[in-house]
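> A structural model of the following input is requested.
(one chain, ligands or ions: 2)
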Amino acid sequence: MGIRTGEQYINAVKSRKPEVWLAGKKVENVFDEPVLRQTVIEIAKLYDMQHDPEYQDKITHFCEETGERVNNAFLIPKNYEDLIKRRAAFEAFAKATFGLMGRSPDFLNVVITSMYSHSSFFEKYNKQWAENIRRYYRLVRDNDLFLTHAIINPQNDRSKSSHEQQDMFTHLGAVKETPEGLVVRGAKFLATLAPVADEVIIYTFPGYKPGDERYALAFALPIDTPGLRIICREPMQDGKRPLFDHPLASRFEEIDALLVFKDVLVPWDRVFIYNNVEAANLLYPKTGIAQQPAHQSAVRGLLKLQFATEVTCRLADSIGVDVFLHVQESLGELIQAVESIRALLRIAEHEYEVTPEGEAMPNWVPLETIRGLLPKMYPRAIELMQTIGAGGLLLSPTGADFENPELREDIERYYIGRAGVSATDRVSVFKLAWDLCGEAFGQRLLQYERYYTGDPIRKKAIFYNSIKRQRTFDMVDDALQVSKLKELVTNK
Ligand SMILES: Cc1cc2nc3c(=O)[nH]c(=O)nc-3n(C[C@H](O)[C@H](O)[C@H](O)COP(=O)(O)OP(=O)(O)OC[C@H]3O[C@@H](n4cnc5c(N)ncnc54)[C@H](O)[C@@H]3O)c2cc1C
Ligand SMILES: Nc1c(O)cccc1C(=O)O
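Ligands and ions are numbered 1, 2, ... in the order given. Model (predicted):
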């Protein structure tokens, strides 16, 4: 089949009945649920872009194996040109969502592609696992599937490993083997967009200890597999808030969920890792999934930071506060933050690395630097937006106020901006800003940037330790050498 249309994706959503719980109620039909409907529509638009002549050649290519058109996220990059083709696909999806949907389909499609291209990793442990991942990649690519993932154990007692938790099956683990497959029980989090995905993939982040064998698992299942329960977090909107009042929250709600597996059967051909702590711990660092999806995250994160910056600049301009020196300094800081990330991304692509198998990956050091900086730069952008918008952020009238003839004159007069900025223009920009920096929707976006890639503190420590292994900090010796020479000269 190759690239799907938005309609095909929506039909797939309509055709199944995953067990989704939202605000204490079971969702009968995902597409008819107001909280989820617009999310499905926004994702459908991304699928439609693949058929749009404006984008098609930029974001898709013909698969060598099948001859069908597939998204560039399924490309195994071999050189700089391939990385740029892939970036074009990430960029198109990120622009369409202002970088606000981190888990758009391209993210996990890159993860699966990278696991496929590193199938030798799985082969080392079990031939069947390698075959399974290869078949699964083809299934996802050829049907253009949309995946959610849950790779973290629920936050119960982080001071203990999985097998030391109070209940043996709080963390998702294998219960028993059957001729048909593996029966799994317990919970995993934090599956963004789970209710609207086609499939779920479960895998592991490093940190498993001896004794954790039953939890050392990777597998994939259709999202409506019996026994899989999806418990959504409290939604950030009710699906009824007008576009004018919540231009972002009404469109880009990326619902997150806890996944509970109630003795779910995973067929053997869907198992990628089982009962192997070493494989579970090495999956992330050794299959390119720490590096290849980070390319998507960097492109998307750059767009999101740029969007927050543009909103803040426009906000400041709309009320004339950008004549003040400290506001200019703040806006300059934001633009420089965007440029720093853009430069790092370009370096990551230009100075790409090639694996022994010939796969190109963006350079890890600048890529990881982006992952280290964005969790600080994005919250800073939001803080500056709050500071510059100040009290006005809280005081926007609603679209209904605008429409009421009794109020209209007052609103046009008292919400007007600087010369040339009408009340509608000013309030519209403030509403964009409020969705980003005031609403619960915006707080989630901020928390996403802090944590989507794991704990930023431990990530940075891993980064330092890795750099320490690679570099010898020779300039220090050079400098000491010079001063030693000087010493020798002066002592003569
Ligand atoms: C909006 C959002 C969407 C997300 N989407 C997804 C998704 O789709 N799929 C997915 O799998 N995950 C997703 N994540 C989860 C993300 O991977 C985790 O949030 C991240 O890995 C951090 O884990 P945690 O939240 O359990 O925090 P914890 O690991 O519990 O950390 C909590 C605090 O304790 C400290 N801490 C905990 N353990 C240790 C330790 N061993 N050593 C030192 N300090 C420690 C941390 O520094 C931190 O301050 C998402 C997260 C967010 C916020
Ligand atoms: N956050 C990630 C994830 O959820 C899966 C794969 C990779 C990452 C990452 O950012 O490194």
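> so who does residue 385 touch?
Neighbouring residues of residue 385 by CB atoms under 8 Å, 6 or more residues apart in numbering: 308, 311, 312, 315, 433, 436, 437. (Each C-beta comes from the backbone N, C-alpha and C, glycine too.)
> contacts only, for the fourth one.
Looking back up the chat, that one is residue 315. Counting by CB under 8 Å, 6+ apart, residue 315 touches 385, 388, 389, 429, 430, 433.
> PyMOL command to pick out the buried ones of these?
To isolate in PyMOL the members of the contacts of residue 315 that are buried, counting by 16 or more other CB atoms under 10 Å, one can use:
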select buried, resi 385+388+389+429+430+433
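> which one of the contacts of residue 315 is nearest to ligand 1?
Minimum separation from ligand 1 among the contacts of residue 315 (CB to the nearest ligand atom) is found for residue 385, which lies at 19.0 Å.
> and the closest one, how far is that from residue 335?
Going from residue 385 to residue 335 by CB to CB, to the nearest Å gives 14 Å.
> do you know how far the closest residue to ligand 2 within the stretch 301-450 of the chain is from residue 469?
Using CB to the nearest ligand atom, the single residue of the stretch 301-450 of the chain nearest to ligand 2 is residue 371, 6.8 Å away. With distances defined as CB to CB, the gap from residue 371 to residue 469 amounts to 19 Å.
> what about those two, which has more around it?
residue 371 (22 against 8; other CB atoms under 10 Å).
> just confirm residue 265 is within a helix.
No. Remark: residue 265 does not belong to a helix; assigned using DSSP: H, G, I helix; E, B strand; the rest coil, it is strand.
> so it sits against residue 182, correct?
Yes. Counting by CB atoms under 8 Å, a contact exists between residue 265 and residue 182, whose distance comes to 7.4 Å.
> in terms of neighbours, single out the busier of these two.
Set side by side, residue 265 and residue 182 show more neighbours around residue 182, with 21 against 16, by other CB under 10 Å.
> ligand 1 contacts on the stretch 201-350 of the chain?
Taking CB under 6 Å from any ligand atom, the part of the stretch 201-350 of the chain that reaches ligand 1 is made up of residue 256.
> residues in the stretch 201-350 of the chain within reach of ligand 2, list them.
Residues of the stretch 201-350 of the chain lying close to ligand 2 (CB under 6 Å from any ligand atom) are 289, 290, 293, 294, 297.
> now do the nearest residue to the second one once chain neighbours are set aside: how many residues are near it, please.
Same thing as residue 290. Computed as CB to CB, 6 or more residues apart in numbering, the closest residue to residue 290 that is not its neighbour in sequence is residue 284, at 5.4 Å. Taking other CB under 10 Å as the criterion, the count of residues near residue 284 is 17.
> residue 284 and residue 2, how far apart?
Using CB to CB, one obtains 29 Å as the distance from residue 284 to residue 2.
> give me the neighbour count for the residue of the stretch 51-200 of the chain found nearest ligand 1.
In the stretch 51-200 of the chain, the residue that lies nearest ligand 1 is residue 192 (3.4 Å; CB to the nearest ligand atom). Neighbours of residue 192 under the rule other CB under 10 Å: 23.
> and for residue 259?
A count of nearby residues for residue 259, using other CB under 10 Å, gives 24.
> the lowest-mean-pLDDT helix or strand in the chain: how far from the chain's middle?
Taking mean pLDDT, DSSP states H and E as the measure, the helix or strand of the chain with the lowest value is helix 474-491, at a mean of 80. Using CA atoms, centre = their mean, to the nearest Å, the distance from the centre of helix 474-491 to the centre of the chain it belongs to is 49 Å.
> got the CA coordinates for it in PDB?
The C-alpha atoms that make up helix 474-491 are tabulated as PDB, following Å, rounded to 0.1, in the frame of the first residue of the first chain:
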ATOM      1  CA  ASP A 474      44.900  18.000  25.700                       C
ATOM      2  CA  MET A 475      44.900  21.800  25.600                       C
ATOM      3  CA  VAL A 476      45.500  21.800  29.400                       C
ATOM      4  CA  ASP A 477      48.700  19.800  28.800                       C
ATOM      5  CA  ASP A 478      49.700  22.200  26.000                       C
ATOM      6  CA  ALA A 479      49.200  25.200  28.200                       C
ATOM      7  CA  LEU A 480      51.200  23.600  31.000                       C
ATOM      8  CA  GLN A 481      53.900  22.700  28.600                       C
ATOM      9  CA  VAL A 482      54.200  26.300  27.600                       C
ATOM     10  CA  SER A 483      54.400  27.500  31.200                       C
ATOM     11  CA  LYS A 484      57.000  24.800  32.000                       C
ATOM     12  CA  LEU A 485      59.100  26.000  29.100                       C
ATOM     13  CA  LYS A 486      58.800  29.600  30.300                       C
ATOM     14  CA  GLU A 487      59.800  28.400  33.800                       C
ATOM     15  CA  LEU A 488      62.900  26.800  32.200                       C
ATOM     16  CA  VAL A 489      63.700  30.000  30.300                       C
ATOM     17  CA  THR A 490      63.400  32.200  33.400                       C
ATOM     18  CA  ASN A 491      65.300  29.900  35.600                       C
END
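> if we can go back for a sec, correct me if wrong: the residue nearest to residue 290 contacts residue 206.
Yes. Between residue 284 and residue 206 a contact is recorded at 5.6 Å, counting by CB under 8 Å.
> now do the phi/psi pair for residue 202.
Per-residue torsions, residue 202: phi -110, psi 130 (degrees, to the nearest 10).
> which residues are in contact with it?
For residue 202, the residues meeting the contact criterion (CB under 8 Å, 6+ apart) are 149, 150, 151, 172, 188, 217, 218, 219, 220, 221, 259.
> OK, contacts around the first one?
Yep, that's residue 149 we're talking about. Taking CB under 8 Å, 6+ apart, we find residue 149 in contact with 108, 111, 191, 200, 201, 202, 203.
> now the fifth one
Going by CB under 8 Å, 6+ apart, residue 188 touches 150, 151, 152, 153, 154, 171, 172, 202, 258, 259, 261.
> how about the closest residue to the last one other than its chain neighbours, phi and psi?
Sequence neighbours aside, residue 184 is the residue nearest to residue 261 in space, at 4.9 Å (criterion: CB to CB, 6+ apart). According to degrees, to the nearest 10, the main-chain angles of residue 184 amount to phi -120, psi 150.
> quick check: which ranges of the stretch 301-450 of the chain have low pLDDT?
Counting by pLDDT under 70, not a single residue of the stretch 301-450 of the chain qualifies.
> in it, which spans are helices?
In order along the chain, the stretch 301-450 of the chain carries the following helices (DSSP state H, counting those that start in this stretch): 325-350, 364-389, 399-403, 405-414, 423-437, 440-451.
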